[in-house]
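J.: No letters, just coordinates:
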């Protein structure tokens with residue numbers, strides 16, 4: 001019973017982390033009167049209250065979006081999937097991922113090492129989870145919204 005409650009809480013927190021925090025973030029720099037936008041490295045620094053930077057667009061709305069997420073060491077996600085494809089580049093650090101049908105069950109020992117500069121394509125409804133193990137990791141994620149994230153863990 002206690003284990004089920006923990007899984008339910010984890011699923012809820014994952015949803016808030018992956019969906020809720022992105023939906024309330026404004027784009028870091030507005031487009032100018034000609035539609036251009038230039039974001040400097042200082043613009044792309046995560047704030048103190050969120051580890052997600054909404055670079056362009058809005059993942060909760062229709063259209064293209066670009067976000068950057070910084071994971072502290074030991075932080076990551078639980079098994080889940082998204083309704084749309086996502087295009088990911090590891091900008092900093094070594095990320096660890098588990099992908100495919102066997103990723104419906106969390107097992108950090110079966111994660112694959114993904115180094116800085118690596119590109120990952122996540123297909124729509126592709127099961128996965130990820131984390132930063134021993135160092136801070138920043139990833140950039142691009143896709144088409146609206147994105148819906150679904151937990152794979154039993155509620």
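T.: Now that the structure is in, tell me what you want to look at. Small disclaimer: the values here were computed from a predicted structure and weren't measured.
J.: going forward, measure contacts between C-alpha atoms and count neighbours the same way
T.: Noted.
J.: Could I get the phi/psi values of residue 102?
T.: For residue 102, the backbone dihedrals are phi -70, psi -10 (criterion: degrees, to the nearest 10).
J.: Next one: residue 83 relative to residue 143, how far apart?
T.: Separation of residue 83 from residue 143 (CA to CA, to the nearest Å): 11 Å.
J.: Show me which of those two is the more surrounded one.
T.: Taking residue 83 and residue 143 together and counting by other CA atoms under 10 Å, residue 143 has the greater number of neighbours (20 against 16).
J.: Check which helices and strands the helix or strand harbouring the more buried one sits against.
T.: Following DSSP states H and E, the helix or strand that holds residue 143 is strand 137-145. Judged by 3 or more CA pairs under 8 Å, 6 or more residues apart in numbering; DSSP states H and E, the packing partners of strand 137-145 are strand 63-71, strand 86-92.
J.: Dump these to TSV, plus mean neighbour count.
T.: Formatted as TSV, the helices and strands packed on strand 137-145 follow (neighbours: other CA atoms under 10 Å):
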stretch	mean neighbour count
strand 63-71	20
strand 86-92	19
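J.: Serialize those strands to CSV and add fields for mean pLDDT and distance to residue 52.
T.: Shown next, in CSV, are those (pLDDT from 0 to 100; distance: least, CA to CA, whole Å):
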stretch, mean pLDDT, distance to residue 52
strand 63-71, 96, 4
strand 86-92, 98, 14
